[in-house]
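[1] Quick one, fold the following:
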Amino acid sequence: MVLIRGNKFIFSLGKTVLLLFFFVFIKQALVYAQDRGAGLPGAYLRIGVGARAVSMGSAFTGLADDVTSCYWNPAGLGQVNLTQFILSYQKLSMDRTYSYSAAAIPSSLKGTFAVSWIRFGTGEIETRDISGRITGGFSNSESAYMVSWGAEFLPWFYAGVTAKYLVHNMGEYQSTGYGFDAGLLIKVIKNVSVGLTAQNISTNVKWDTKSRLLESFPLILRGGVAVKPFTFPLTVTFDVEQGPKLERTFHTGCEWEIAGGFGIRAGGDNKGLRAGGYLTVPTRTFNLETSYSFGRDPLYSASMHRVSFTVTFAPFDYFFYKPKSQKGYRLTNLDVPDCRIMKIVDNYPELGLINLGSDDGIKKGTRFQLFRHETDNNSKEQIFKKIGTVEVIRVEKNLAAVKLIDRLHGYKIQMGDMLFRISD
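    As a prediction, this is how the structure comes out:
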């Protein structure tokens with residue numbers, strides 16, 4: 001006997017059908033990617049971005065929850081609810097450098113937009129005549145300028161796309177072209193998500209030489225899963241990557257937050273092992289995360305070091321918003337919030353971290369009213385709504401954990417929620 005309970009059954013059935021299609025598509029797409037395509041231009045786009053993802057063995061497709069999602073899986077931008085900015089730099093062997101920067105900004109309409117830039121270059125390359133004498137030199141650099149968008153379409157389904165403009169400068173010659181990436185992300189069950197990314201869709205560059213050489217970038221397919229198997233903050237990830245004339249690559253990684261804002265990462269793939277760590281420093285208006293990654297250069301027997309700086313900002317209205325009165329609530333005495341929810345504690349949706357601590361006079365038992373911006377269902381205008389009350393349950397110097405002690409039905413803590421202190 002099958003018990004059908006209306007929308008809940010339809011929701012579960014829809015998720016099952018979509019997951020079946022998702023895995024069938026991965027299988028067929030990997031076969032397609034393996035059998036077609038010639039030449040391997042655009043190798044710099046396969047290096048990977050961000051010290052966090054790289055130190056996790058480049059297994060990030062199923063996790064994709066920060067600004068670097070615009071590269072790994074643009075669907076993950078739908079999980080980015082606060083403005084983020086990243087700068088990353090890597091010094092490679094043979095005088096090569098790899099730089100990456102990106103910014104993600106949530107939209108008031110739907111989803112999150114991002115812009116990013118990748119640059120791969122070498123130092124001056126000498127030219128010599130047949131007798132070995134130096135006759136000059138030339139530079140070589142490749143860049144990708146990208147615009148991305150990702151959004152949540154269902155509570156468990158995200159999708160996104162990236163458009164990119166490519167430039168390759170080699171001496172006096174240049175090639176330019178366009179391409180696209182697309183991604184899906186599905187939250188299968190609590191603490192388990194899967195992702196799929198297709199990179200270099202219809203991606204070609206044309207050289208300004210006499211022959212007008214046209215190069216086609218290989219289609220790269222990545223499928224991944226992310227799991228948080230324990231009650232403590234440990235995330236385990238696994239990816240598989242395939243492209244034409246490329247060895248099928250398996251990636252695996254993990255991230256463990258040892259203490260608030262500090263953790264370690266490790267991972268690997270067919271080419272070797274990697275490791276790293278991170279430290280987050282909170283302030284009243286932003287969090288600064290410094291990440292480090294260490295590994296081996298797959299082309300040469302040399303070490304690779306990468307450093308990334310990621311800034312997560314409080315919403316812009318933190319600085320400019322003046323709350324209006326709302327029926328049922330007295331807000332006329334409120335100005336800007338005392339703090340924000342900067343992070344949700346893994347596996348405990350009733351708990352959040354705020355960027356205030358004992359140095360700010362916060363102590364255990366301090367209470368805050370919890371407010372949020374929402375779109376009114378009737379007027380379609382932005383309103384300022386009280387969600388509930390939170391209480392401080394643990395305090396450190398510049399960080400505190402709060403617990404939701406009462407709330408409106410159907411609501412839970414979200415990153416970016418505004419807190420106004422009401423008592424000690």
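
[2] center of this structure, which residue is that?
    residue 66 (2.5 Å; Cα atoms, centre = their mean).

[3] Note down every partner strand of the longest strand that the chain contains and its orientation.
    Taking DSSP state E as the criterion, the chain has its longest strand at strand 134-154. Sheet pairing for strand 134-154, assigned by DSSP bridges, gives strand 112-128 (antiparallel), strand 157-170 (antiparallel).

[4] so where do the helices sit in this structure?
    Here the chain has its helices, by DSSP state H, at 7-35, 51-55, 69-72, 317-320.

[5] and the third one, what does it pack onto?
    On a contact count with 3 or more Cβ pairs under 8 Å, 6 or more residues apart in numbering; DSSP states H and E, helix 69-72 meets strand 96-106, strand 112-128, strand 134-154, strand 157-170. Backbone N, C-alpha and C define where each C-beta goes, glycine included.

[6] Restrict it to CA atoms and write it as PDB.
    Extracted C-alpha coordinates of helix 69-72, given in PDB (Å, rounded to 0.1, in the frame of the first residue of the first chain):
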ATOM      1  CA  SER A  69      31.100  28.900  -7.200                       C
ATOM      2  CA  CYS A  70      31.100  31.000 -10.400                       C
ATOM      3  CA  TYR A  71      34.000  28.800 -11.500                       C
ATOM      4  CA  TRP A  72      33.300  25.400  -9.900                       C
END
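
[7] can you list contacts of it?
    48-50, 53, 60-61, 64, 75-77, 79-80, 100, 102, 104, 114, 116, 118, 146, 148, 150, 160, 162, 181, 197, 222 (Cβ atoms under 8 Å, 6 or more residues apart in numbering).

[8] residues touching residue 358, list them.
    By Cβ under 8 Å, 6+ apart, the neighbours of residue 358 are 395-397.

[9] go again using 10 Å as the cut-off
    Counting by Cβ atoms under 10 Å, 6 or more residues apart in numbering, residue 358 touches 364, 395-400.

[10] one step back: save the helices and strands packed on helix 69-72 as CSV, and put in distance to residue 186, mean neighbour count and mean pLDDT too.
    Shown next, in CSV, are the helices and strands packed on helix 69-72 (distance: least, Cβ to Cβ, whole Å; neighbours: other Cβ atoms under 10 Å; pLDDT from 0 to 100):
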stretch, distance to residue 186, mean neighbour count, mean pLDDT
strand 96-106, 21, 19, 92
strand 112-128, 18, 17, 82
strand 134-154, 9, 16, 86
strand 157-170, 6, 20, 94
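
[11] Residue 265 is nearest to which of these?
    Closest approach to residue 265 among those (Cβ to Cβ): strand 96-106, 17.2 Å.

[12] which helices and strands does the closest one pack with?
    Here strand 96-106 touches helix 69-72, strand 84-92, strand 112-128, strand 134-154, strand 303-313, going by 3 or more Cβ pairs under 10 Å, 6 or more residues apart in numbering; DSSP states H and E.

[13] Switch those over to CSV; also include distance to residue 271.
    CSV is the format used below for those (distance: least, Cβ to Cβ, whole Å):
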stretch, distance to residue 271
helix 69-72, 17
strand 84-92, 14
strand 112-128, 17
strand 134-154, 21
strand 303-313, 11
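
[14] do you know which of those lies nearest residue 236?
    Once those are compared by Cβ to Cβ, helix 69-72 is nearest, at 16.3 Å.

[15] I'd say residue 242 and residue 219 touch.
    Yes: applying Cβ atoms under 10 Å, one finds residue 242 in contact with residue 219, separated by 9.3 Å.

[16] Quick one: residues contacting residue 120.
    42-45, 47, 90, 92, 96-100, 140-144, 168.

[17] So if we follow the domain assignment, how does the chain break up?
    Here the domain assignment for the chain is 9-313, 321-423, based on automatic domain parsing.

[18] tell me the most buried of the ones you listed?
    domain 9-313 (a mean of 18; mean count of other Cβ atoms under 10 Å).

[19] can you tell me which residues contact residue 193?
    By Cβ under 10 Å, 6+ apart, the residues touching residue 193 are 61-65, 76, 79, 156, 158, 185-187, 224-228, 237.

[20] Can you tell me which of these end up in strands?
    Using DSSP E, these in strands are 158, 185-187, 224-227, 237.
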